[in-house]
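1. Any chance you can model this:
(one chain, ligands or ions: 1)
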Amino acid sequence: MVATELRSPVSMRRFVIIGQKATASGDFRLDDLAGTSGRLDVLLRCIRSAILISHGVRSDVVVYLVLRGGTRAPRVLRVEAAATKFLRPDERSLATLVKKALEAQAEGEDNGFIDVRPGLSVRRGGLDEIVAELGDARLFVLEPTGADLRLAADLSGTDATFVVGDHLGLDDTTRARLAGLGAVSLRVGPVAIHADDVVTVVSNELDRRSTGRP
Ligand SMILES: C[S@@+](CC[C@H](N)C(=O)[O-])C[C@H]1O[C@@H](n2cnc3c(N)ncnc32)[C@H](O)[C@@H]1O
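-> Numbering: from 1, shown residues only. Coordinates of the predicted model:
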């Protein structure tokens, strides 16, 4: 296994999903994913929403799952769309792929991301360990109380990172850290919706802007 820097130096969309209790180990049951994984299923649906389109992937997307639950926490799983293989939309396939990635004994993951599957890498740590990798990307935190996404200044064409909570939302410490990093709070609408739906709406907005075909 090899340590990797991000492969694509050009403009990217990044999503960071904070899993408050999502397991950082592969120690969960595929036949009871939601009940045995600290709701890793929520995070897997976010991968699907961010990356998979009909018959393909958005190759400029990177998703980080911040995994704060289970025996191997804290750990981050990084999914680079451009390098993935065998990424399928159904939850069981995604869960199988992620389970294998999390089961890997990734030597060196204390110091950086280690490839464990094509496009999938893991590292020890949490939000703070990702921040260095985001570089100059503008940082947004998704919250129902934020400013309207539709009215946000141009979001396409340059790097942007969007942080989303899981079913438990974002904890105060994470909010404070994001505020300290200058994150701008955005809402996709007035009603609190599921995390993967938020990722879908943000992705749709970015698709509309980046293609110039609203
Ligand atoms: C299911 S919600 C979390 C609900 C949780 N009970 C709470 O009170 O925060 C999951 C995440 O989606 C995002 N979210 C939900 N609705 C949103 C909205 N209307 N606009 C922006 N982000 C939203 C937030 O990041 C939230 O943490």
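
2. can you list the residues of this structure near the ligand?
-> Neighbours of the ligand within the chain, by Cβ under 6 Å from any ligand atom: 142-144, 164-165, 167-170, 187-189, 191-195, 198. For the C-beta atoms, the positions are set from N, CA and C on the backbone; glycine is no exception.

3. In helices, which of those residues appear?
-> Per DSSP state H, helices hold the following members of the residues of the chain next to the ligand: Ala195, Val198.

4. List buried residues within the residues of the chain next to the ligand.
-> Leu142, Glu143, Val164, Gly165, His167, Leu170, Arg187, Val188, Ala195, Val198 (16 or more other Cβ atoms under 10 Å).

5. Next, Tyr64: phi, psi?
-> phi -110, psi 120 (degrees, to the nearest 10).

6. Quick check: it touching Gly19?
-> No: assessed by Cβ atoms under 8 Å, Tyr64 is found out of contact with Gly19, at 10.3 Å.

7. In terms of packing, which of the two has more residues around it?
-> Using other Cβ atoms under 10 Å as the criterion, Tyr64 and Gly19 rank with Gly19 on top: 30 against 25.

8. which secondary structure element contains that one?
-> Using DSSP states H and E, Gly19 sits within strand 13-23.

9. With just CA atoms, put that strand into PDB.
-> C-alpha atoms of strand 13-23 as PDB (Å, rounded to 0.1, in the frame of the first residue of the first chain):
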ATOM      1  CA  ARG A  13     -15.700  19.700  -5.400                       C
ATOM      2  CA  ARG A  14     -15.100  18.200  -2.000                       C
ATOM      3  CA  PHE A  15     -17.600  17.000   0.400                       C
ATOM      4  CA  VAL A  16     -16.700  16.200   4.100                       C
ATOM      5  CA  ILE A  17     -19.300  14.200   5.900                       C
ATOM      6  CA  ILE A  18     -19.000  14.000   9.600                       C
ATOM      7  CA  GLY A  19     -20.100  10.600  11.000                       C
ATOM      8  CA  GLN A  20     -20.500  11.200  14.700                       C
ATOM      9  CA  LYS A  21     -20.800   7.400  15.500                       C
ATOM     10  CA  ALA A  22     -20.100   5.900  12.100                       C
ATOM     11  CA  THR A  23     -17.700   3.000  12.500                       C
END
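
10. which helices and strands sit right next to it?
-> When contacts are defined as 3 or more Cβ pairs under 8 Å, 6 or more residues apart in numbering; DSSP states H and E, strand 13-23 sits against helix 40-51, strand 61-69, helix 127-134, strand 160-165, helix 195-211.

11. Including mean pLDDT, could those go into a markdown table?
-> As requested, the helices and strands packed on strand 13-23 are arranged in a markdown table below (pLDDT from 0 to 100):
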| stretch | mean pLDDT |
| --- | --- |
| helix 40-51 | 98 |
| strand 61-69 | 98 |
| helix 127-134 | 92 |
| strand 160-165 | 97 |
| helix 195-211 | 94 |
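
12. Many thanks, we can stop here.
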